[in-house]
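Trainee: Prediction below, plus the sequence it came from.
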Amino acid sequence: MIKFIALYNVKEGRTVDEVEKYLNEIHFPLVRKLPGLRKFESGRIRPSKKKPLPYYRVSEMWFDNMDALRAAFASPQEKEIEADTQFYTMIDNLTQFICEDLHS
């Protein structure tokens, strides 16, 4: 399995409630339409009392393999996600990477 992981924070001037509403009503439904998506999970990161974290949320998209991920990211559904410019005005510190699950 391959996971595409995104970490992000709320942009200054936005509220967590505002971002959460947008994610759940607009952005996440678009993500769930990606072809070949096996599993989608997203959760809030619990802050540490000792050290502030640069992220408030992590999202994981699971695909069978790199070919499935590439196909999803070349799809019309991905183009719809990329066109969701409102999402990018609400988040900050976006970090994305691919992780291979060697134990599935």
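Mentor: Structure's in. What do you need? Numbering: from 1, shown residues only.

Trainee: per-residue pLDDT, the residue sitting furthest away from the middle of the chain?
Mentor: Largest separation from the mean C-alpha position in the chain: K50, at 26.0 Å (C-alpha atoms, centre = their mean). For K50, the pLDDT comes out at 84.

Trainee: What is the three-state secondary structure of it?
Mentor: coil (DSSP: H, G, I helix; E, B strand; the rest coil).

Trainee: go on, the one 3 residues further on?
Mentor: Three-state secondary structure (criterion: three-state DSSP) places L53 in coil.

Trainee: Report the separation between it and D64.
Mentor: Distance, L53 to D64, using C-beta to C-beta, to the nearest Å: 31 Å. Heads up, the C-betas are built off the backbone N, CA and C, glycines and all.

Trainee: Next, the buried residues of the worst-scoring helix or strand of the chain on mean pLDDT.
Mentor: Sorting the helices and strands of the chain by mean pLDDT, DSSP states H and E puts helix 85-90 at the bottom, at a mean of 91. Of the residues in helix 85-90, F87, M90 count as buried by neighbour count, 16 or more other C-beta atoms under 10 Å.

Trainee: what distance separates that helix from the centre of its chain?
Mentor: Here helix 85-90 is found 13 Å from its chain centre; the criterion is C-alpha atoms, centre = their mean, to the nearest Å.

Trainee: any idea which helix or strand comes after it?
Mentor: strand 91-100 (DSSP states H and E).

Trainee: May I have the strands that pair with that following strand, each with its orientation?
Mentor: strand 2-10 (antiparallel) (DSSP bridges).

Trainee: State the mean pLDDT of the partner strand.
Mentor: For strand 2-10, the mean per-residue pLDDT is 96.

Trainee: With stretch 29-47 instead?
Mentor: 95.

Trainee: For it, C-alpha coordinates in CSV please.
Mentor: The C-alpha coordinates for stretch 29-47 follow below in CSV (Å, rounded to 0.1, in the frame of the first residue of the first chain):
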residue,chain,number,x,y,z
PRO,A,29,-15.9,15.1,-0.4
LEU,A,30,-13.8,16.0,-3.4
VAL,A,31,-10.9,13.9,-2.0
ARG,A,32,-13.2,10.9,-1.5
LYS,A,33,-14.0,10.9,-5.2
LEU,A,34,-10.4,10.1,-6.3
PRO,A,35,-10.4,7.0,-8.4
GLY,A,36,-8.5,4.1,-6.8
LEU,A,37,-8.6,5.6,-3.3
ARG,A,38,-8.8,2.7,-0.9
LYS,A,39,-9.0,4.6,2.3
PHE,A,40,-9.1,8.2,3.5
GLU,A,41,-8.5,9.3,7.0
SER,A,42,-8.0,12.8,8.5
GLY,A,43,-7.6,13.9,12.1
ARG,A,44,-6.7,16.7,14.3
ILE,A,45,-3.2,16.6,15.8
ARG,A,46,-3.3,17.0,19.6
PRO,A,47,-1.0,19.7,20.7
